[in-house]
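Asker: Need a 3D model of the sequence below.
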Amino acid sequence: MPRPTPGTDNRVLRVCRLLNRHRARYLLAGGVAANLHGSVRATRGIDILVPRDSANMVRVLGALSELPHGIARELDAAEVAGNPITIVGDDPRVDSERRLPDLVVPDAVNEPPSTAVSQSG
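Answerer: Sure thing, here's the model as predicted:
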């Protein structure tokens, strides 16, 4: 049985499960990623980095449309893929970003994960 990962909560697990089920390519970033690596940082939103391609964005928005309010259903994948950041104000709020300084998202997404998120119970 997997052991719990410190710093995770149900919001993060729900978003990751949805993205994984839709086979979206993404990386957790921001406060959530910092928490997973042991830093104590208060955060309410979930930041994800995603490649710019529209096909992946269709998968990302499909996953996020399953959140409680379905706000992502109102977004156009091609338009979102062209924006540097898109905030999906659902529950939880998810910020989808395409670039950060000194990081090429497609390269980062293709690297093997360094931390697996799990929760027992």
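Asker: Quote the end-to-end distance of stretch 45-64.
Answerer: 13 Å (CA to CA, to the nearest Å).
Asker: Now do the buried residues in that stretch.
Answerer: 45-51, 56-64 (16 or more other CB atoms under 10 Å). Bear in mind the C-beta positions are built from the backbone N, C-alpha and C, glycine included.
Asker: Next: stretch 13-21.
Answerer: 14, 15, 16, 18, 19.
Asker: tell me which element the last one falls in.
Answerer: In other words, residue 19. helix 10-21 (DSSP states H and E).
Asker: next helix or strand past that helix?
Answerer: Criterion used, DSSP H and E; the element after helix 10-21 is strand 27-29.
Asker: Direction included, what does that next one pair against?
Answerer: Strand 27-29 pairs in its sheet with strand 46-49 (antiparallel), by DSSP bridges.
Asker: Leaving out sequence neighbours, find the closest residue to the most centrally placed residue in the chain.
Answerer: For the chain, the residue nearest the mean C-alpha position is residue 48 (3.5 Å; CA atoms, centre = their mean). Of all residues beyond its chain neighbours, the one nearest residue 48 is residue 26 (4.6 Å), with distances taken as CB to CB, 6 or more residues apart in numbering.
Asker: Against residue 38, how distant is the one you found?
Answerer: Distance, residue 26 to residue 38, by CB to CB, to the nearest Å: 21 Å.
Asker: Could you list the low-pLDDT ranges of the chain?
Answerer: Applying pLDDT under 70 to the chain flags residues 1-9, 99-121.
Asker: And the strands in it?
Answerer: 27-29, 46-49, 85-88, 94-97 (DSSP state E).
Asker: Any idea how far the second one is from the middle of the chain?
Answerer: In other words, strand 46-49. Between the centre of strand 46-49 and the centre of its chain there are 4 Å (CA atoms, centre = their mean, to the nearest Å).
Asker: For it, which outside residues touch it?
Answerer: With contact meaning CB atoms under 8 Å, 6 or more residues apart in numbering, strand 46-49 is reached by 11-12, 15, 19, 26-33, 60, 92-98, 100, 103, 105, 108-109.
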